[in-house]
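Q: Structure for this input, please:
(one chain, ligands or ions: 3)
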Amino acid sequence: MGATVLVGSQWGDEGKGKIVDILSEKFEIVVRYQGGANAGHTVIIGDKQFILHLIPSGILRENVTCVIGNGVVIDPQALLDEISILENNGISVDGRLFISQNAHLIMPYHKLLDSIGESGEQKIGTTGRGIGPCYIDKFGRRGIRIVDLLNRDELERKIRFNLKEKNELLQKVYHHEGLDVEEILKEYLEFDKTIDKYIKDVPTFLNYSLDEGKSVLLEGAQGTLLDVDHGTYPFVTSSSPTSGGACTGTGIPPNRIESVIGIVKAYTTRVGNGPFPTELNEEEGEKLRTIGAEYGATTGRPRRCGWFDAFLVAYSKMINGIDSVAITKLDVLSHFDKIKVCVAYELNGKRLKHFPTSVEQLSKVTPVYETLDGWKENISDCKTYDDLPSKTKDYLNFISEQSGIKIDIISVGAERQQTIFC
Ligand code: GDP
Ligand code: IMO
Ligand code: MG
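A: Ligands and ions are numbered 1, 2, ... in the order given. From the prediction side, this is the model:
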């Protein structure tokens, strides 16, 4: 038996948290493989809402073991806060949360450099969680990892070495106050006491678990178009949310990936800057934003909203090797008389054959739309595919044909029971 990867197929916030929670009923292990506390994965259970930033969304099912892979960058404070929110809600993580020794730590200077970077000329619109600067240090081979917490002397040496360099950068280049090394040392040595019990050799654990026939779900954060290689660079995050990242971010080899599930919102949203061909104007965008409650789960920022982009989803299918799709937030479209779907892009009067990730091209393309009738009926209580109005089925058929996707799950509301399996 192989692992299943779950990826965001657009620009993030597709509803990954809800679908991971649903699927977790059938999985024994759920693993986050990239990103950090920039993610905000919402799960609603009864009258409770949980927003998970670092811990896999499988944590809300008591039989599921959750793992944070090496590809994730961990803000210790965010992790401890999340653990305590869960425990205050009666959800224990002891013995069922493990963290890779090779995951990198977000340091206070990463968050500071993230915010300084955003005040410069090139504004990405980041979440300010220190993600980019932490991955810069990881690939620059000066990062501090979870494993470093196990050796106090080494930890102290690494923090002092890094801070010397960062303080020079802060003071000489950015004319900002330097950070206090003793304070950071104290904070991270303290974290060392609480984190020890969670540390694990994750690649061995996961591969042995697969050998034993255990089911493993790999939970992506962000989305395909935010991938540092395959997204709308430079308006991307600094990791690999696409399915390839699931291997490097966990230590599970490609030939042990059995299937890839894409999470696709029934329309499109984006937070932060960068091109968005199907973005709606103020008035129509506001309607989608209000009905869909499109505000960031991490930063609370209003999300930019637009019509479904089948050309983009087809690209996402190709990059990730998506086998099946969960469509989310279909209920939000119940309020529209007419619904548009982008089926192609034109650039300089010519139809493009392939999706362009180049920001220059993408910001100049004209979306080619087909307009479908809305169904104008409440679908949030529908339990089966047959319960859906025929115009809703027409919409689903149209977007699946145009994007080349196979829809297996339809989500018609944020709650667990508002889920249709096809
Ligand atoms: P994620 O980052 O991909 O996990 O998505 P977010 O949690 O950031 O955003 C998705 C939002 O939509 C959350 O508030 C969910 O509770 C909500 N949601 C998920 N599925 C549905 C759905 O089918 N219908 C509606 N109306 N809301 C949904
Ligand atoms: P989930 O997992 C939507 C966006 C930011 C910004 C860009 C870079 O909840 O889907 P970063 O802080 O990562 O350096 O910001 O990426 N971004 C997200 N957008 N959902 C997310 O996560 C995001 N995580 C980062 O808005 O445009
Ligand atoms: Mg989110």
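Q: quick one: stretch 95-103 to chain centroid distance?
A: How far stretch 95-103 lies from its chain's middle: 19 Å, per C-alpha atoms, centre = their mean, to the nearest Å.
Q: wait, what's in contact with the residue nearest to the spatial centre of the chain?
A: By C-alpha atoms, centre = their mean, the chain has its centre lying nearest to residue 221, at 2.0 Å. Residue 221 makes contact with 8, 12, 16, 32, 34-36, 38-39, 41, 239, 241, according to C-beta atoms under 8 Å, 6 or more residues apart in numbering. Any C-beta I mention is one placed from the backbone N, CA and C, and that applies to glycine too.
Q: Would you mind listing which of the residues you listed are buried?
A: Among the contacts of residue 221, those buried by neighbour count (16 or more other C-beta atoms under 10 Å) are 8, 12, 16, 32, 34-36, 38-39, 41, 239, 241.
Q: returning to that earlier point: where does the residue nearest to the centre of the chain land in three-state SS?
A: Under DSSP: H, G, I helix; E, B strand; the rest coil, residue 221 falls in the coil class.
Q: Look up the pLDDT of it for me, please.
A: We have a pLDDT of 98 for residue 221.
Q: repeat for residue 400
A: 98.
Q: can you tell me the helix or strand for it?
A: helix 390-403 (DSSP states H and E).
Q: what does that helix rub up against?
A: Contacts for helix 390-403 (C-beta under 8 Å, 6+ apart): 264, 266, 308, 310-311, 313-314, 317, 325, 327, 330, 333, 339, 341, 343, 370, 372-375, 377, 379, 385, 388, 405-407, 410.
Q: Now with 6 Å, please.
A: Here helix 390-403 makes contact (C-beta atoms under 6 Å, 6 or more residues apart in numbering) with 308, 310, 313-314, 341, 343, 372-373, 375, 379, 407.
Q: so what's residue 43 bridging to?
A: Counting by DSSP bridges, residue 43 is bridged to residue 50.
Q: Touching, it and residue 15? I think so.
A: No: the pair formed by residue 43 and residue 15 falls short of the contact definition of C-beta atoms under 6 Å, at 10.0 Å.
Q: For residue 204, see how far away residue 70 is.
A: 12 Å (C-beta to C-beta, to the nearest Å).
Q: Give me the nearest residue to the residue of the stretch 251-400 of the chain found nearest ligand 2, chain neighbours excluded.
A: Proximity of the stretch 251-400 of the chain to ligand 2 (C-beta to the nearest ligand atom) peaks at residue 272, 2.0 Å away. Leaving aside its sequence neighbours, residue 272 sits nearest to residue 125 (C-beta to C-beta, 6 or more residues apart in numbering; 3.0 Å).
Q: in a strand, that's where the one you found is, yeah?
A: No: per three-state DSSP, residue 125 lies outside any strand segment and is coil.
Q: I figured it hits residue 273, correct?
A: Yes: if you go by C-beta under 6 Å, residue 125 and residue 273 touch, sitting 4.2 Å apart.
Q: ok so, going back, between residue 43 and residue 15, which one's more packed in?
A: Per other C-beta atoms under 10 Å, whichever of residue 43 and residue 15 has more neighbours is residue 43, with 25 against 21.
Q: Let me know the secondary structure of the residue in the stretch 201-350 of the chain that ligand 3 sits nearest to.
A: Of all residues in the stretch 201-350 of the chain, the one sitting closest to ligand 3 is residue 297 (4.4 Å; C-beta to the ion). Following three-state DSSP, we place residue 297 in the coil state.
Q: who's in contact with it?
A: Residue 297 touches 40, 42, 51, counting by C-beta under 6 Å, 6+ apart.
Q: elements contacting the helix or strand where residue 260 lies?
A: Taking DSSP H and E as the criterion, the element that holds residue 260 is strand 257-265. Here strand 257-265 touches strand 3-8, strand 324-328, going by 3 or more C-beta pairs under 6 Å, 6 or more residues apart in numbering; DSSP states H and E.
Q: Single out the most deeply packed of those strands.
A: Of all the helices and strands packed on strand 257-265, strand 3-8 has the most neighbours on average by mean count of other C-beta atoms under 10 Å, namely a mean of 27.
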